[in-house]
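Undergrad: Sequence first, then the predicted structure, then my questions.
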Amino acid sequence: FASFVISSSSSSEDGSESSGCSFAIIVAGDVFPPFHDLFRFNTRAACTLETACASAFVVTVLSALTLALYFYLRSLEVPLEELRSAMFLSISADSLFMAFAFRSLTTPIWKIPLRTNMFFLASFTVSVALLGIVLTVPFFQKVLSYTPLPMFDILLVVGFSIASLVMIEISKWLFFERRK
């Protein structure tokens with residue numbers, strides 16, 4: 001619903017500074033009135049240069065991990081259908097782990113109480129259940145062209161996804177916790 005513009009600030013006609021993130025969230029709150037309360041938080045704190053650098057670092061490393069997984073599976077001469085399924089599972093699992101890790105952009109995952117956002121927990125649970133359905137129900141496997149993976153591939157993909165989660169937490173430590 002909200003698109004975050006990664007910029008520290010922009011100048012308006014009157015010369016005042018305004019955050020691009022603030023604008024995106026205000027627009028999202030106005031366009032989607034039922035979700036207005038979801039966008040109430042300190043947008044200036046969420047859009048600092050530090051946060052932009054941390055995000056760029058995380059995106060770069062996670063992209064490198066995904067490419068490393070792809071090239072590793074290619075080196076094993078995995079069939080194309082299996083490779084597609086492994087990459088689908090990898091990106092899906094990464095997205096779930098990232099959503100969980102990015103409940104806070106600056107606070108480590110172990111310092112955030114689990115029950116602080118029940119809406120998130122419900123949507124996370126539904127997402128995991130839907131992914132489980134896609135991976136196990138033949139009808140959805142056929143619709144999404146998913147080939148069931150051998151256990152080695154599943155463990156490899158889950159390992160890379162956990163490495164992504166660890167990388168996010170390391171970046172939080174590097175950019176935010178270490179300086180406290």
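TA: Received the coordinates, thanks.
Undergrad: other SSEs contacting the helix or strand harbouring residue 159?
TA: Taking DSSP states H and E as the criterion, residue 159 maps to helix 151-175. For helix 151-175, the elements it packs on are helix 49-75, helix 80-101, judged by 3 or more Cβ pairs under 8 Å, 6 or more residues apart in numbering; DSSP states H and E. No exception for glycine: its C-beta is placed from N, CA and C like everyone else's.
Undergrad: now, of these, which is deepest in the fold?
TA: Here the criterion is mean neighbour count by mean count of other Cβ atoms under 10 Å, and of the helices and strands packed on helix 151-175 the winner is helix 80-101, at a mean of 18.
Undergrad: Just want the angle from it to helix 49-75.
TA: When axes from the mean of the first three to the mean of the last three Cα atoms, to 10 degrees is applied, the directions of helix 80-101 and helix 49-75 differ by 160 degrees.
Undergrad: quick one: helix 80-101 to chain centroid distance?
TA: With Cα atoms, centre = their mean, to the nearest Å as the basis, helix 80-101 stands 11 Å off its chain's centre.
Undergrad: Do me a favour and average the pLDDT over the helix holding residue 159.
TA: Mean per-residue pLDDT for helix 151-175: 89.
Undergrad: tell me which residues of it are tucked away?
TA: Buried positions in helix 151-175, judged by neighbour count with 16 or more other Cβ atoms under 10 Å: 153-154, 156-157, 160-161, 163-165, 167-169, 171-172, 175.
Undergrad: where does this protein dip in pLDDT?
TA: By pLDDT under 70, the weakly predicted segments of the chain are 1-47, 179-180.
Undergrad: Checking residue 148 next. Helix, strand or coil?
TA: coil (DSSP: H, G, I helix; E, B strand; the rest coil).
Undergrad: so who does it touch?
TA: Counting by Cβ atoms under 8 Å, 6 or more residues apart in numbering, residue 148 touches 85, 135, 141.
Undergrad: which residues does the second one contact?
TA: Residue 135 makes contacts with 89, 141, 146, 148, as judged by Cβ under 8 Å, 6+ apart.
Undergrad: If we use 10 Å, what do you get?
TA: Applying Cβ atoms under 10 Å, 6 or more residues apart in numbering to residue 135 gives the contacts 85, 88-89, 92, 141, 144, 146, 148-149, 154.
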